[in-house]
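[1] give me a model of this one.
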Amino acid sequence: MLFQRIQRSDPEVIYQIVYNLAASSAVITAGYPCVWSIASTVDGLAVAKPASATLSLIVGIAVQDIANSAYGKIQCYGYRASAFVTNATDQAIAAGDVLVPVNAQWYMTYSAAGDGMAGFIMSAEAVATDSAPAAANHKVFIRCL
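    A predicted model of the protein is given here:
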């Protein structure tokens, strides 16, 4: 893990080095959420695209593009100004709402109360509803430790 040097003017952040084990030669783009991979031996290093069996295994948000079968850096704690989040047609996202990864997608969305998902990433800004929801970068607070 990489701990940022403490400075009064900067928010605290923690980074982790991971290995992209995504299928289909997928690149994990900066701002995408990633989860621990269960496709091979679980080693605390391999990450992949969120899937229904791994939604609760979110490890953080990619800081840089990570090529398939390559190492890269993700942010696992602290404020981040750009993480991929999608809005919805019927549910606005308020600052402080819990965000969860979406099955087979490279973005997060609002977590309904009682859906069983833990709050590891919170929205740091409001995201309005839209008749044509689309994923875009939004501010978040990460706590995936």
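[2] dump stretch 133-141 to CSV, restricted to CA.
    The C-alpha trace of stretch 133-141 is given here as CSV (Å, rounded to 0.1, in the frame of the first residue of the first chain):
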residue,chain,number,x,y,z
PRO,A,133,-28.9,7.5,-17.9
ALA,A,134,-25.3,7.6,-18.8
ALA,A,135,-22.1,6.9,-16.8
ALA,A,136,-19.8,9.8,-16.2
ASN,A,137,-17.1,10.9,-13.7
HIS,A,138,-18.3,12.2,-10.4
LYS,A,139,-16.8,13.0,-7.0
VAL,A,140,-16.8,10.2,-4.4
PHE,A,141,-15.3,9.2,-1.0
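[3] would you mind listing the buried residues in that stretch?
    135, 138-141 (16 or more other Cβ atoms under 10 Å). Where C-beta positions appear, they are placed from N, C-alpha and C, glycine not excepted.
[4] ok, which stretches of this structure are strands?
    Assigned by DSSP state E, the chain shows strands spanning 2-3, 14-20, 33-36, 46-48, 58-62, 71-86, 98-101, 108-110, 121-123, 135-143.
[5] for the residue nearest in space to the middle of the chain, which non-adjacent residue is closest in space?
    What sits nearest the mean C-alpha location of the chain, by Cα atoms, centre = their mean, is Pro33, with 2.7 Å. What sits nearest to Pro33 in space, not counting adjacent residues and going by Cβ to Cβ, 6 or more residues apart in numbering, is Pro101, at 4.7 Å.
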